[in-house]
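Chemist: What would the 3D arrangement of this be:
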Amino acid sequence: MCASRAWNPCTCAPGIPTCITPPLTVVPDAAATRGSVGESPLILGYAGLFPQIAAVATCVFAGDSDIGPMFAFGYAALILSFLGGIWWGFAMRATQRQGHIATLAVLPSLFGTAVILLSIAHVLPMGWALVLMGSAIVTTLLIDRHLVEDHIAPAGWMALRVPLSVGLGVLTIACGIICGLSMA
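Modeler: Numbering: from 1, shown residues only. A predicted model of the protein is given here:
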């Protein structure tokens with residue numbers, strides 16, 4: 001039993017003759033504090049392209065069905081909202097310009113909502129709605145780049161975001177073009 005009033009692992013651990021303390025972690029720069037994109041997000045991100053690939057395949061092979069374009073539209077809106085949610089999380093961790101980042105974070109959902117309403121009201125044909133959604137997904141890269149330049153997004157963020165946004169955006173636009181051709 002330790003003779004001191006408070007237990008201290010350096011002085012009271014039985015059988016340990018010297019003090020053992022964990023090494024200090026030295027943070028070399030700001031990039032280290034914001035983390036980095038690991039292997040799991042890359043794999044899961046690329047897997048996120050499969051639903052839109054399936055939607056495009058449905059548009060191609062079942063052109064008379066509206067399942068493919070409707071699914072592609074819903075998935076694109078979902079991903080826009082998801083990206084806004086990620087940016088919202090970045091805003092909550094930001095030490096400066098939090099309001100600016102939070103404002104940017106709600107833009108994808110607001111845009112998606114506007115396109116959904118225009119589509120539901122039959123003001124915007126589905127083909128054009130898909131082209132707008134796909135274009136919006138590609139355009140999110142501008143915000144992502146801004147977040148990287150401001151050291152808010154993790155290291156490797158653009159290596160993840162560019163292929164995913166371009167891939168999903170192009171697939172969504174392709175679905176819109178195929179949909180527009182089949183409904184013309």
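
Chemist: Low-confidence bits of this structure, can you list those?
Modeler: Applying pLDDT under 70 to the chain flags the ranges 1-34, 181-184.

Chemist: Neighbours of Leu44, how many?
Modeler: The number of residues packed around Leu44, counting by other C-beta atoms under 10 Å, is 9. (Each C-beta comes from the backbone N, C-alpha and C, glycine too.)

Chemist: Revised request: answer the last question for Met133.
Modeler: The burial count for Met133: 28, using other C-beta under 10 Å.

Chemist: Might one say that it is in contact with Thr172?
Modeler: Yes: using C-beta atoms under 8 Å, Met133 is in contact with Thr172, at 5.4 Å.

Chemist: who touches both of those two?
Modeler: Listed contacts common to Met133 and Thr172 are Ala76; contacts here mean C-beta atoms under 8 Å, 6 or more residues apart in numbering.

Chemist: and the nearest residue to Gly35 once chain neighbours are set aside, backbone torsions?
Modeler: Nearest residue to Gly35, sequence neighbours excluded (C-beta to C-beta, 6 or more residues apart in numbering): Pro154, at 4.3 Å. Main-chain torsions, Pro154, degrees, to the nearest 10: phi -70, psi 160.

Chemist: and the gap between Pro154 and Ser36?
Modeler: 5 Å (C-beta to C-beta, to the nearest Å).

Chemist: of the two, who's got more company?
Modeler: Pro154 (18 against 12).

Chemist: you'd agree that one is up against Ile86?
Modeler: No: judged on C-beta under 8 Å, Pro154 makes no contact with Ile86 at a distance of 10.6 Å.

Chemist: separation between Met133 and Ser81?
Modeler: Going from Met133 to Ser81 by C-beta to C-beta gives 11 Å.
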